[in-house]
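my questions are about this predicted structure, shown below with the sequence.
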Amino acid sequence: MNYVNKRHDSETQLIEDIAGSGADGPVMMINLNYYSVEASFPSGELYKRYMSVLEKFLPVVGAKILWRHPVFGQVTGEQPLHEILAAWYPTHQAFLDLPNAPGSDENFRLRALAVEAAVIHRVTGDEYPFSPV
């Protein structure tokens, strides 16, 4: 897969700039996940353990999973996915705080085992819960 966990330093810098601007605010991260064979999505023990740890870990920085849905098919494009997950953060800084937050070692250990590839999109998080457009 050519999209495997490619980091975009310019986007990371933008998130850091927003976090330090004094005008930081809510943000939602849409995770497009392709899981490892070992994770055995959606019913494998590794997948379930990762989700359990993630759901308990995110509140440490004030974040939460809003929803997650399995992908049943793809109408266009060529990006294999198992699941789309939306995580809401109270600020961009909260997202940046994840690697150093209590519980991060276990969360990122399980993520490395369970997630073979991921693309994360940063979208508006201002209206939580969201109202229909």
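Thanks, I have the structure now.

how much space between the spatially most distant residue from the centre of the chain and residue 76?
Here the centre of the chain is the reference, and by CA atoms, centre = their mean the most remote residue is residue 22, at 24.0 Å. For residue 22, the distance to residue 76 equals 41 Å [CB to CB, to the nearest Å]. Placement of C-beta: from N, CA and C, glycine included.

hmm, back to that, please identify which helix or strand holds the residue farthest from the centre of the chain.
Taking DSSP states H and E as the definition, residue 22 sits outside all helices and strands.

over to residue 14?
Residue 14 belongs to helix 9-19, assigned by DSSP H and E.

each with direction, which strands does whatever helix or strand comes next after that helix pair with?
Next along the chain after helix 9-19, taking DSSP H and E as the criterion, comes strand 27-35. Using DSSP bridges, the strands paired with strand 27-35 are strand 83-89 (antiparallel), strand 115-124 (antiparallel).

the last one: how far from the chain's middle?
The chain centroid and the centroid of strand 115-124 are separated by 6 Å, computed with CA atoms, centre = their mean, to the nearest Å.

what comes up buried for it?
Across strand 115-124, burial judged by 16 or more other CB atoms under 10 Å covers 115-120, 122.

re earlier: which residues touch the helix holding residue 14?
Under the contact criterion CB atoms under 8 Å, 6 or more residues apart in numbering, helix 9-19 has outside partners 24, 91-93, 95-96, 122.

swap in stretch 66-74?
Residues outside stretch 66-74 that contact it (CB under 8 Å, 6+ apart): 28, 41-42, 51, 80-88, 128-129.
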